[in-house]
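Peer 1: Predicted coordinates and the sequence they were generated for:
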Amino acid sequence: MRGGILSGGLLAAALALAGCAGEPISVPTSPDAGYNGLGGAGGAGGLGLDGVSGGALGGGTLPGTSISDRVFFTVDQSTLSAEAIGTLNQQIGWLTQNQGQITIEGHADERGTRDYNFQLGSARASAVRNYMVSQGIPDSRISIITFGRERPVATCAEESCFARNRRAVTVVARPGA
């Protein structure tokens, strides 16, 4: 009996450690899922989430442009803000003129459980993907991946860092690259 308990405990520990490997979860999506509407904070007076200007949040740009490659979300939300939709519309304009597969990365801040943040990252990536599809980007060009809280761009226990990590990033792979 004791051997069964010991091996069961070892199995449980191995499964728990496997769940902490830090690997992203790819999530299949459906074009019928919607993009969560236009709720959320931001956009007023040129300010981003929680009153921080979009430029202060930092980030990259689409290749050869000044168009931000990321949009940001409020706490525990996957709803696209007016500011996020403005950025996505710029991205979509560029994406319609340029080829390449598109990967939308979903990210979360460090608060909450690992599983919760993977789901939230997936929901954020899906919201971006679904909006792009609704605006004419072919579904076949887009895939999503969620990293949850596993790839922070800022690490501190302050809102300024949390805000930078609540994001979806558009990554474009050029054909032949």
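Peer 2: Structure received. Numbering: from 1, shown residues only.

Peer 1: so where's the chain uncertain?
Peer 2: 1-59, 175-177 (pLDDT under 70).

Peer 1: Need the single longest helix in it, by residues.
Peer 2: helix 114-134 (DSSP state H).

Peer 1: Go through that one and flag the buried ones.
Peer 2: For helix 114-134, the neighbour count (16 or more other CB atoms under 10 Å) marks 117-133 as buried. Yep, even glycine has a C-beta here, placed from its N, CA and C like the rest.

Peer 1: And the next helix or strand past it?
Peer 2: Of the helices and strands lying after helix 114-134 in sequence (DSSP states H and E), the nearest is strand 142-148.

Peer 1: tell me which residues of whichever helix or strand comes after that next one are tucked away?
Peer 2: Going down the chain from strand 142-148, the next helix or strand is helix 159-165, by DSSP H and E. By 16+ other CB under 10 Å, the buried positions in helix 159-165 come out as Phe162, Ala163, Arg164, Asn165.

Peer 1: I'd say the first one and His107 touch.
Peer 2: No - in this structure, Phe162 sits apart from His107 without contact. The criterion is CB atoms under 8 Å, and the distance is 11.1 Å.

Peer 1: so what's Pro152 up against?
Peer 2: Pro152 sits next to His107, Asp109, Glu110, Cys161, Arg164, Asn165 when contact means CB atoms under 8 Å, 6 or more residues apart in numbering.

Peer 1: How about the backbone phi and psi for it?
Peer 2: phi -70, psi 150 (degrees, to the nearest 10).

Peer 1: Likewise for Thr170?
Peer 2: When quoted as degrees, to the nearest 10, the phi and psi of Thr170 stand at phi -90, psi 120.

Peer 1: Setting aside sequence neighbours, what's the nearest residue to it?
Peer 2: By the measure of CB to CB, 6 or more residues apart in numbering, the closest residue to Thr170 outside its immediate chain neighbours is Asp69, 5.0 Å from it.
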